[in-house]
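*Asks:* attaching a predicted model along with its sequence, questions to come.
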Amino acid sequence: MWTARDTPAESGECRPCRTFGSGRSGRGGNATEPSELRHANHVDVGSVPDDCAVDLEEDSMTEQAPDHEQGSPTATEILKHEHQLVMLVVEAMEREADKIETTGEIDSDDVARMVDFSENFTDGCHHAKEEKSLFPRLRESNAGMQAPTSVMLQQHESGRQRIRAVDAALPAARQGDADATRLVAENLRAYAVGLRDHIGKENEVLFPMADGILSPDDQRRLAIEFDRIESEEIGAGVHEKYHAMARELAGKGA
């Protein structure tokens, strides 16, 4: 596994930059994305744990990271567990897009729940942990992580635009507008495809890099920060609401 101590063998460019691209904008203003990332698409949904949140003591928000029991999940493991939950909704989106394209019919209530989940859990909770804690810590620890985290941030924003488009078209789609219904399907599918690819890159490329850079104490501190963000961004107990919502949407495809 690559670590921050490794010295690149050629070109003077750090390994994260060679893996993710230099971060310089290419055509269309997007950071260059090399083939290694483009092939990191496979996501194994697996079984979703009963609770992917980290249980912390009441005094865990102290300045010094507390000792955690052996076997407590690392920050990157927490994010991977949340990816499993997110993938349940991604698959529900793909099924809904298939149904709309085949029958022209839309389950507007389910789509509204997909938007709710995407805005408030995927983006408001999960992406907030990455953007406010993990990515800044990686950039502070290793300058070469600027490019890979920039790619991930661009993909987060692309997903937000797709979900906003679904939300904007949904009221007219509820009223039977065929063009709006088509826009809902197109943007659901584009969001699902993009997020599936994004999660594969994080699980298979970015998080292994992070594990090589972050110390055990870094991981513990990030886990504490994740708990704080979760409490501040979505509130106590709301995490469980979105666990239940994801399982309900997934159950419709069983």
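*Replies:* Thanks, I have the structure now. Numbers count the residues shown, from 1 in each chain.

*Asks:* number of nearby residues for the closest residue to A180 other than its chain neighbours?
*Replies:* Closest residue to A180 apart from its sequence neighbours, by Cβ to Cβ, 6 or more residues apart in numbering: A172 at 3.6 Å. Heads up, the C-betas are built off the backbone N, CA and C, glycines and all. Neighbour count of A172, defined by other Cβ atoms under 10 Å: 15.

*Asks:* wait, a helix at A172?
*Replies:* Yes: the assignment for A172 (DSSP: H, G, I helix; E, B strand; the rest coil) places it in a helix.

*Asks:* number the residues from 408 up from this point.
*Replies:* Got it, the first residue is 408 from now on, which makes the last one we talked about A579.

*Asks:* how far away is it from T588?
*Replies:* 8 Å (Cβ to Cβ, to the nearest Å).

*Asks:* and for I620?
*Replies:* Taken as Cβ to Cβ, the span from I620 to T588 is 45 Å.

*Asks:* these two: which is more packed in?
*Replies:* The neighbour count for I620 versus T588, taken as other Cβ under 10 Å, is higher for T588 (23 against 20).

*Asks:* isn't that one right next to G511, touching?
*Replies:* Yes: the pair formed by T588 and G511 meets the contact definition of Cβ atoms under 8 Å, at 6.8 Å.

*Asks:* point out where the stretch 408-557 of the chain drops to low pLDDT.
*Replies:* With pLDDT under 70 as the threshold, the stretch 408-557 of the chain has low-confidence stretches at 408-478.

*Asks:* okay, buried residues for the one helix or strand R635 maps to please.
*Replies:* With elements taken from DSSP states H and E, the one containing R635 is helix 623-640. The neighbour-count criterion (16 or more other Cβ atoms under 10 Å) identifies 625-634, 636-638, 640 as the buried residues of helix 623-640.
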